[in-house]
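S.K.: Just to be clear, the model below is a prediction. Sequence and coordinates:
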Amino acid sequence: MQLDNATIKRLKGIGHDLKPIVMIGNKGVTPSIIEEIDRALSDHELIKVKLPAGSKEERDTIGAELAATAKATLIHSIGRMALLLRKNPNANPKLSNLARSV
């Protein structure tokens, strides 16, 4: 999904106030983590994921892997946080971070 700079800036602003929904521990990316990220993206559309400790390259690789596996877009990655977006046309407005931020 191609996003313009204004949209990315708005999504980063929304993501700034979010708490991480999924936290990846020392075991790394497991099938249960992938399932949880998929469920969270379906419900919330925009989520923050806390990545495990490691080098910047390792964290960037994990963020890109999560986005590709979940068919999502990696909006932003800074430190140990990654912001993922996957739009859901049937999202519940009470759960969607995008709908609640309008």
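M.R.: Ah, there it is. Residues are numbered from 1 along each chain as shown.

S.K.: For the rest of this, base every contact and every neighbour count on C-alpha atoms.
M.R.: Will do.

S.K.: Report the separation between Pro20 and Asn90.
M.R.: When distances are taken as CA to CA, to the nearest Å, Pro20 and Asn90 turn out to be 23 Å apart.

S.K.: Could you check which of those two is surrounded by more residues?
M.R.: A direct count of neighbours by other CA atoms under 10 Å for Pro20 and Asn90 places Pro20 higher, at 15 against 9.

S.K.: Who does Ala82 form a beta bridge with?
M.R.: Per DSSP bridges, residues listed as beta-bridge partners of Ala82: Val49, Ser77.

S.K.: Name all residues that make contact with it.
M.R.: Lys48, Val49, Lys50, Leu51, Gly63, Leu74, Ile75, His76 (CA atoms under 8 Å, 6 or more residues apart in numbering).

S.K.: Format those as a markdown table; extra columns: pLDDT.
M.R.: Formatted as a markdown table, these follow (pLDDT from 0 to 100):
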| residue | pLDDT |
| --- | --- |
| Lys48 | 97 |
| Val49 | 96 |
| Lys50 | 96 |
| Leu51 | 94 |
| Gly63 | 92 |
| Leu74 | 96 |
| Ile75 | 96 |
| His76 | 93 |
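
S.K.: Please list only the buried members of those.
M.R.: Buried members of these, scored by 16 or more other CA atoms under 10 Å, are Lys48, Val49, Lys50, Leu51, Gly63, Leu74, Ile75, His76.

S.K.: Please name the residues that touch the closest residue to the last one other than its chain neighbours.
M.R.: Using CA to CA, 6 or more residues apart in numbering and skipping the chain neighbours, the partner closest in space to His76 is Leu83 (5.2 Å). When contacts are counted by CA under 8 Å, 6+ apart, Leu83 is found next to Lys12, Gly15, Leu46, Ile47, Lys48, Val49, Leu74, Ile75, His76, Ser77.
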